[in-house]
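Q: dropping the sequence and predicted coords here.
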Amino acid sequence: MQYDLCLPWYWEFDDAFAEMVEHACIEEGISLWQIKPDNLLESITALHEGTRTFKTLLDRRQGEPTFDPIPRWAQKYGARRINPAEVSAWSEDKVTMHLELISAGLHTPYTIFLPPFLEQPIIPQIDLTLLGKKFVIKPSNGGGGEGVIIGASCMEEILQARKEFPKQKYLIQAYITPQTIKGKPAWFRVLFANGETYPCWWDTTTHAYINVTAEEEARYGLDKLRDITKRIASICKLDWFSTEIALADEFIVVDYVNDEIDTRIQSRALDGVPDEIMNDIAKQLVSIAKRNLSGCTPRAANLTPA
């Protein structure tokens, strides 16, 4: 049996998103194969025996290594992969994205790059004056704020931070103070899926989302958030991701590309994505799978020894 879309998922809080994907598949009339921990071995066996295959992969394994045979099969046998791993790895490198965004004419914080601690454990004294009184220290890879220090102010903090992820490059960035609009900091998280953009106010303390309204877009020029996000999409080549943009003297992209989107929904978690946005994202991703139905059929694996 060949499925139109395969959804491997591991994280228990992906359950609402998985339900949304399932409903979208039903609406579009395409088949869905959900692979979870309780049917993982059975599914991998069927996949490699060729009794079950799929045409499009929406991978939500969240780094769980026991699921790795699924995306490996997809790459080897030509399935359409939403956010292919090699594209994700390239776009998640903040140093690479910083340079790419600047080349595209987008504004980013003033930044100093540092090599990995293991490559250069001792670094020369850095002139921190252009960063201002406080700055942000962040490793070049990873998401969810892991390893990020906000409000740093001295060289000693930089030296200590580099040892936390010694294999990674580090970015030392100017701290961005946004404007205030309607009593709220003008800090936004914009989600992107299959060409569609979903701008939200984003509280950096509580991580709570609030939809940016059409009236706010028109009144405060926040429609530019959509344009900037689409330009980022054209650079990173991902099917879906989120980005953070602040409005200071100008719009500044402060956190470039996050492709491991937290799919928890607002009705179940205070810092979840608004339900209607996540539901529409699920529909957009399913539409990728439907569009792929006219493509080539992945070949089944052949594990017979030569």
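A: Arrived safely.
Q: how about low-confidence regions in the stretch 201-306 of the chain?
A: 295-306 (pLDDT under 70).
Q: now the strands for it?
A: 209-211, 240-247, 251-258 (DSSP state E, counting those that start in this stretch).
Q: what pairs with the second one, parallel or antiparallel?
A: Partner strands for strand 240-247, per DSSP bridges, with pairing direction: strand 187-193 (antiparallel), strand 251-258 (antiparallel).
Q: give me the residues contacting it.
A: For strand 240-247, the surrounding residues in contact (CB atoms under 8 Å, 6 or more residues apart in numbering) are 82-83, 91, 176, 178-179, 181, 185-194, 202, 222, 225, 228-229, 232-233, 251-259, 261, 281, 284-285. (C-beta placed from N, C-alpha, C; glycine too.)
Q: out of the strands of the stretch 201-306 of the chain, flag the one nearest residue 64.
A: Smallest distance to residue 64 across the strands of the stretch 201-306 of the chain (CB to CB): 18.5 Å, for strand 251-258.
Q: buried sites along the closest one?
A: 251-258 (16 or more other CB atoms under 10 Å).
Q: could you save those as JSON lines and add columns showing distance to residue 97?
A: Formatted as JSON lines, those follow (distance: CB to CB, whole Å):
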{"residue": "251", "distance to residue 97": "16"}
{"residue": "252", "distance to residue 97": "14"}
{"residue": "253", "distance to residue 97": "9"}
{"residue": "254", "distance to residue 97": "12"}
{"residue": "255", "distance to residue 97": "10"}
{"residue": "256", "distance to residue 97": "4"}
{"residue": "257", "distance to residue 97": "6"}
{"residue": "258", "distance to residue 97": "11"}
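Q: quick check: the two most widely separated of those?
A: 251 and 258 (17.7 Å).
Q: in contact with the residue nearest the centre of the chain: list those residues for me.
A: Centroid-nearest residue in the chain: residue 259, 1.5 Å away (criterion: CA atoms, centre = their mean). Contacts for residue 259 (CB under 8 Å, 6+ apart) come out as 83, 88, 91-92, 238, 240-241.
Q: repeat that with 7 Å
A: Contacts for residue 259 (CB atoms under 7 Å, 6 or more residues apart in numbering) come out as 83, 88, 91-92, 238, 241.
Q: quick one on the thing from earlier: for residue 137, find the nearest of the strands of the stretch 201-306 of the chain.
A: strand 251-258 (13.6 Å).
Q: so residue 272 touches residue 266, yeah?
A: Yes - in this structure, residue 272 is within contact of residue 266 by CB atoms under 7 Å, at 4.4 Å.
Q: looking at this, residue 143 is in a strand?
A: No - with DSSP: H, G, I helix; E, B strand; the rest coil as the criterion, residue 143 is located in coil rather than a strand.
Q: count the residues that sit near the residue lying closest to residue 111 once chain neighbours are set aside.
A: Leaving aside its sequence neighbours, residue 111 sits nearest to residue 173 (CB to CB, 6 or more residues apart in numbering; 4.8 Å). By the measure other CB atoms under 10 Å, the count of residues near residue 173 is 24.
Q: 36 is where my numbering starts, stick with that
A: Okay, residue one is now 36; in that scheme the one you just asked about reads as residue 208.
Q: correct me if wrong: residue 208 contacts residue 174.
A: No - in this structure residue 208 lies outside contact range of residue 174 using CB under 7 Å: 11.9 Å.
Q: list the contacts of stretch 147-157.
A: By CB under 7 Å, 6+ apart, stretch 147-157 touches 130, 158, 161, 197-198, 201-207.
Q: between these, which has the least confident prediction?
A: Of all those, residue 161 carries the smallest pLDDT score, 89.
Q: which residues touch that one?
A: Here residue 161 is in contact with 147, 190 (criterion: CB under 7 Å, 6+ apart).
Q: tell me the contacts of residue 51?
A: 300, 303.
Q: quick one, phi/psi of it?
A: When read as degrees, to the nearest 10, the backbone of residue 51 gives phi -70, psi -40.
Q: what pLDDT, on average, does stretch 91-99 get?
A: 94.
Q: on that earlier part again, how close does the residue nearest to residue 146 get to residue 57?
A: Separation of residue 208 from residue 57 (CB to CB, to the nearest Å): 40 Å.
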